[in-house]
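# next comes the sequence, and after it the predicted model I'd like to discuss.
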Amino acid sequence: MAQRFDNKNRKNDFVFKLFVAGDEPHSTQAKANMKTLCETYLNGRYQMDIIDVFTYFDLAIENNIFLSPALIKESPGPKTVIFGNLSDTEEVVKALGLKVFSDEQ
């Protein structure tokens, strides 16, 4: 896999695959936006694989990803796919079913 981010000290409630096209501007923005979303809403309770479609095009095809950037939420269900640079935070949060987690949870 290209890059994996997770926090092994906590239960990973959310599993994501982010498909990007190298260092293209929209892909770079999607990575930054997803990092911010995870830090703000998931408090370390996630695993995210960042997959460069230029290098791992077979994984993109296997996951039915034909344009990037694309984010797949694998779990918890239902599986969700979002295309674009993830800049509309309110819509992304709603689509992914995120809420703010506190340290006590």
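Noted; the coordinates are in hand.
# three-state assignment of residue 91?
On the three-state scheme (DSSP: H, G, I helix; E, B strand; the rest coil), residue 91 is labelled helix.
# so what's it scoring on pLDDT?
pLDDT for residue 91: 93.
# number of residues surrounding residue 28?
By other C-beta atoms under 10 Å, 15 other residues sit near residue 28. (Each C-beta comes from the backbone N, C-alpha and C, glycine too.)
# residues in contact with the closest residue to it other than its chain neighbours?
Closest residue in space to residue 28, ignoring its immediate chain neighbours: residue 20 at 7.8 Å, by C-beta to C-beta, 6 or more residues apart in numbering. If you count contacts by C-beta atoms under 8 Å, 6 or more residues apart in numbering, residue 20 has them with 27-28, 30-31, 50-53, 68-69.
# ok, what's across the strand from residue 20?
Taking DSSP bridges as the rule, residue 20 bridges to residue 52.
# ok, the closest residue to residue 96 other than its chain neighbours - contacts?
In space, not counting the residues next to it along the chain, residue 96 is nearest to residue 73; the distance is 5.4 Å by C-beta to C-beta, 6+ apart. Residues in contact with residue 73, defined by C-beta under 8 Å, 6+ apart, are 14-16, 79-82, 96.
# what's the neighbour count on residue 68?
For residue 68, the tally of surrounding residues (other C-beta under 10 Å) stands at 23.
# per-residue pLDDT, it?
95.
# what kind of secondary structure is it in?
For residue 68, the secondary-structure state derived from three-state DSSP is coil.
# repeat for the one 5 residues further on
Three-state call for residue 73 (three-state DSSP): strand.
# where in this structure is pLDDT low?
Flagging of the chain using pLDDT under 70 yields the residue ranges 1-12, 100-105.
# now do the strands in it.
Assigned by DSSP state E, the strands in the chain fall at 3-6, 14-20, 46-52, 70-75, 80-83.
# would you mind finding the most buried of those strands?
Ranked by mean neighbour count under mean count of other C-beta atoms under 10 Å, these are led by strand 14-20, which reaches a mean of 22.
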